[in-house]
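Peer 1: here's my sequence, what's the structure:
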Amino acid sequence: MVWSSAALTAAEILGFDNDKPMLVVQQASTPTGAHWTTTGAYGGPDVTLSSEPAVRAYDSIGSLVTSTTGVASTSPKYFNFYFTTSITIDSLLILGHNFNSIGITSVSLDIADNQDFDEKVREIAKYEIDGTTDNRILITNLNDDSTTTSKAGCSTTSGDATVGMATSGIRVGDLITGVGIQSESYVESITDASELEMTKTATANNGSITLYHTQYDYVEGGTAERYSGVQYIRLRIVHAGSEDPEFAECLLGYRYQLQRNPNLPWDNRREYSETVDSTALSGLTKRYVQFRGQALRSFRYPIWESDEITVVENWWDAIEDGTKPFVYIETPSSSPQAMMMLMDIPELGFPFVGPVERTLTFNMTEQPRYLARE
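Peer 2: The predicted structure is shown next:
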């Protein structure tokens with residue numbers, strides 16, 4: 001299936017720019033398959049550590065990690081997803097990773113039209129690791145920007161679709177164009193420093209021609225896009241030396257953007273700690289901590305626009321009537337902080353309080369790992 005991209009709606013852009021709360025729902029909770037590889041292709045050998053299985057990447061449990069085995073010295077490493085039923089995404093969140101501490105240099109999100117990742121490959125997110133970065137990698141402006149580079153003095157061979165060109169800087173999946181090259185031809189493999197194979201045959205050429213390769217990469221300040229019809233997607237994790245990367249959750253999200261802040265009074269700093277007290281005969285109380293720093297939010301939100309009511313109803317459907325976790329981002333533009341939340345009671349309180357106005361009311365509780373403890 002061929003994926004496509006489109007701009008966010010005007011309302012989504014406005015709500016984000018005005019720094020209003022965003023609700024994001026995991027789209028990757030039921031992949032057809034997922035595993036770690038070193039080849040980048042979905043069909044590549046599975047190098048997932050059996051005691052830290054791939055299902056942990058999409059189970060919405062942020063305290064259980066998945067990782068690789070036996071390939072510490074290989075870079076990059078990939079975590080591949082495949083979806084028989086395609087998904088639509090516009091956000092990325094990676095929770096519970098160890099990238100800061102083990103020498104990971106970058107993590108990227110790629111999509112493609114096939115499982116080999118050699119057709120219509122796009123890098124739609126990238127995060128550079130500097131050793132002090134937040135433990136939550138959040139990107140809400142997925143995008144891809146093209147860069148085309150010319151290579152002079154090339155030749156083509158029709159039979160095996162070989163293009164003679166300097167292959168430095170070229171990646172598998174890059175678009176190849178030029179005289180004698182069929183449309184939508186991509187780099188299938190790189191043979192050596194001067195030869196590559198294409199996905200489609202070329203017209204035989206014995207002369208010196210100019211060919212072009214086009215790469216599509218994420219731009220940090222680029223315009224946010226929504227990607228639909230996605231079946232093949234992967235994380236690409238780059239490091240130096242021998243490392244075993246791990247992470248607890250890869251959330252491939254779809255946003256539900258609100259247009260105003262909750263009603264006052266509004267406590268956006270509320271946290272809870274669970275303790276057990278034991279009091280001695282002397283009256284001394286010893287407090288034992290079960291957990292601490294769990295965010296709690298009580299949400300009362302006025303709505304009267306029909307389009308925004310539809311957003312809320314679609315969000316409720318996406319979290320399966322309040323039974324699934326979701327990500328809550330209070331200030332997505334100025335200071336994005338992503339928290340995995342669960343409805344305290346799976347009930348949509350959405351009554352009329354006037355002729356057209358409704359008030360959305362619910363309570364939600366943060367799921368571990370807790371943002372306040374990172």
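
Peer 1: when you work out contacts or count neighbours from here on, use the C-alpha atoms and nothing else.
Peer 2: Noted.

Peer 1: please list all residues in contact with residue 104.
Peer 2: 129, 237, 238, 239, 240, 243, 245 (CA atoms under 8 Å, 6 or more residues apart in numbering).

Peer 1: can you tell me how far the closest residue to residue 257 other than its chain neighbours sits from residue 262?
Peer 2: Spatial nearest neighbour of residue 257, chain neighbours left out: residue 22 (4.7 Å); criterion: CA to CA, 6 or more residues apart in numbering. Per CA to CA, to the nearest Å, residue 22 is found 12 Å from residue 262.

Peer 1: just to revisit the earlier point, tell me the one of the contacts of residue 104 nearest residue 123?
Peer 2: In terms of CA to CA, no member of those lies closer to residue 123 than residue 237, at 12.4 Å.

Peer 1: correct me, but that closest one touches residue 106?
Peer 2: Yes. In terms of CA atoms under 8 Å, residue 237 counts as a neighbour of residue 106; the distance is 6.0 Å.

Peer 1: between those two, which one's more packed in?
Peer 2: More crowded of residue 237 and residue 106, by other CA atoms under 10 Å: residue 237, with 21 against 16.

Peer 1: what's the distance between the closest residue to the more buried one other than its chain neighbours and residue 163?
Peer 2: Ranked by CA to CA, 6+ apart and with sequence neighbours excluded, the top spatial neighbour of residue 237 is residue 107, at 4.5 Å. Remark: distance between residue 107 and residue 163 (CA to CA) = 30 Å.

Peer 1: can you give me the buried ones in stretch 344-360?
Peer 2: The neighbour-count check on stretch 344-360 (16 or more other CA atoms under 10 Å) flags 344, 346, 350, 357, 358, 359, 360 as buried.

Peer 1: what's the answer for stretch 208-215, then?
Peer 2: Using 16+ other CA under 10 Å as the test for burial, stretch 208-215 gives 209, 211, 212, 213, 214, 215.

Peer 1: so what does residue 12 have for phi and psi?
Peer 2: Here is the backbone geometry of residue 12 (degrees, to the nearest 10): phi -60, psi -40.

Peer 1: residue 33 pairs with what?
Peer 2: Residue 33 has these beta-bridge partners by DSSP bridges: residue 82.

Peer 1: quick one: residues contacting it.
Peer 2: Neighbouring residues of residue 33 by CA under 8 Å, 6+ apart: 81, 82, 83.

Peer 1: thanks a lot, see you next time.
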